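Student: My questions concern the predicted model and sequence given below.
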Amino acid sequence: LAQLFNTTLRLDCRFLMDHGMMDYSLLLGVCKSPPDSDPACSRLFAWQKEFGGVLASNPRTLYYLGIIDILQEYNLKKMMEHAYKTSLTSLSGKDPSHVSACQAAVYARRFSAFLTAKVADS
């Protein structure tokens, strides 16, 4: 399951990066079904069994994951924001590599690495 998550995340981030998008987030939804509900049909594909969700270790809990807020392009405004925030961060003696406004490729790598470490590897 972790490998499927990592692969899907990598492909989604690549798509967003190729379109110059940055500043997106991961939304996690949790659905708990009542104890008397019917199990999903076993003939369906894995992603269809749980209606697009991921079954938790508790068979009555589903997780739904999605990338949201995908409409921010790395444009001139964001380039100026990056330059400004990087300058301020550097002047205060902090690491400027964590500035939120950054190129789409940098954002995709940072987003993917964080989620892989915090979600998939745990």
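Tutor: Sure, I can see it.
Student: For the residue nearest the centre of the chain, give me its contacts.
Tutor: Centroid-nearest residue in the chain: Leu26, 3.8 Å away (criterion: C-alpha atoms, centre = their mean). Each residue near Leu26 by C-beta atoms under 8 Å, 6 or more residues apart in numbering is listed here: Leu65, Gly66, Ile67, Ile68, Leu115, Val119. Quick note: C-beta positions are derived from backbone N, CA and C, even for glycine.
Student: Ala2 versus Val30, what's the distance?
Tutor: 18 Å (C-beta to C-beta, to the nearest Å).
Student: now Tyr64
Tutor: 17 Å.
Student: who's more crowded, those two?
Tutor: Set side by side, Tyr64 and Ala2 show more neighbours around Tyr64, with 14 against 11, by other C-beta atoms under 10 Å.
Student: what about that one, helix or strand, and which?
Tutor: Counting by DSSP states H and E, the element that carries Tyr64 is strand 61-68.
Student: tell me which residues of that strand are tucked away?
Tutor: Along strand 61-68, these residues count as buried under the neighbour rule (16 or more other C-beta atoms under 10 Å): Leu62, Leu65, Ile67.
Student: Nearest to Met21 among those?
Tutor: Closest approach to Met21 among these (C-beta to C-beta): Ile67, at 9.6 Å.
Student: which regions of this structure sit below the pLDDT cut-off?
Tutor: The chain contains residues with pLDDT under 70 at 34-52, 120-122.
Student: show me where it has helices.
Tutor: Under the criterion DSSP state H, helices of the chain are mapped to 2-18, 46-49, 76-91, 104-115.
Student: nearest to Ser57, of these?
Tutor: Among the helices of the chain, the nearest to Ser57 by C-beta to C-beta is helix 2-18 (13.4 Å).
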